[in-house]
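Asker: coords please:
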Amino acid sequence: MFRKLLPKETLYFESFREMVEHLSEMADLALKLFSADKFDKSIILDIKPIEKRCDEITKKIFKRLNQTYITPFDREDIFNLIKRLDDIGDILYAAVIRVELFNRKEKIKYADDIVAIIVKQLDALEIALRDLKVRHINECKAVKDLETEVDSIYHQAIKELFLEEKDAIELIKKKEILSILEDASDKCQSAANVILAIFIKNA
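Answerer: The predicted structure follows:
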């Protein structure tokens, strides 16, 4: 009976890695979507099932937390980490679905630049999550540096948007999509912060 309460550490790590792999796939597809001169809305159909798989992994980890007495590190940190990762998927999907909701047809300036950096952030998170060892602390710091880069691009994008876009409705739609993408980068940083907290507690 007691053996059933013992944690299978690899299951958490495998789930984290699987989650980031799905997020990276979503980001790659989002980059393809936002990089094209004309939006290919079929890409949105490819992203939806990946986002659903992320939700399934999140539920699986929550269920596992409720069924295990001992965890490889703080239960709260596991919860916070998977929640932050799930948020990234939700926000990326929220950005791409607005292409369809807003009936966007043409490229939004700077959106692809932001998503390209999110791809790099997820690459760094994937390395950090391989075994959650302190030797990957530089990857977490890289996520923060990349988030700062996104902030600069976002501010420039909004500045130019208000200078150049004369249609108020179009301005609102573009700004909302850019803001959501910037938020996805912020969530990558939040995930990196949780990983850093795990490093510090378990050093």
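
Asker: Where does the prediction get shaky in the chain?
Answerer: Flagging of the chain using pLDDT under 70 yields the residue ranges 1-10, 69, 132-134, 203.

Asker: List the buried residues for the biggest helix by length in it?
Answerer: For the chain, the helix with the greatest residue count under DSSP state H is helix 168-202. For helix 168-202, a neighbour-count test (16 or more other C-beta atoms under 10 Å) marks 173-175, 177-178, 180-199 as buried. (Glycine included, C-beta is placed from N, CA and C.)

Asker: wait, what's in contact with the nearest residue to Q121 once chain neighbours are set aside?
Answerer: Of all residues not flanking Q121 in the chain, C188 sits nearest, at 4.0 Å (C-beta to C-beta, 6 or more residues apart in numbering). With C-beta atoms under 8 Å, 6 or more residues apart in numbering as the criterion, the residues that contact C188 are 88, 118, 121-122, 125, 143, 146-147.

Asker: now, which of those residues lie within helices?
Answerer: For the contacts of C188, the ones inside helices are 88, 118, 121-122, 125, 143, 146-147, with DSSP H as the criterion.

Asker: show me what contacts the residue most central in space within the chain?
Answerer: The centroid of the chain falls nearest to I88 when counting by C-alpha atoms, centre = their mean (2.9 Å). When contacts are counted by C-beta under 8 Å, 6+ apart, I88 touches 23, 122, 184, 187-188, 191.

Asker: any chance of the residues you listed in JSON lines, plus distance to S15?
Answerer: Formatted as JSON lines, the contacts of I88 follow (distance: C-beta to C-beta, whole Å):
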{"residue": "L23", "distance to S15": "13"}
{"residue": "L122", "distance to S15": "16"}
{"residue": "A184", "distance to S15": "21"}
{"residue": "K187", "distance to S15": "18"}
{"residue": "C188", "distance to S15": "18"}
{"residue": "A191", "distance to S15": "14"}
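
Asker: Right, I'll call it a day here.
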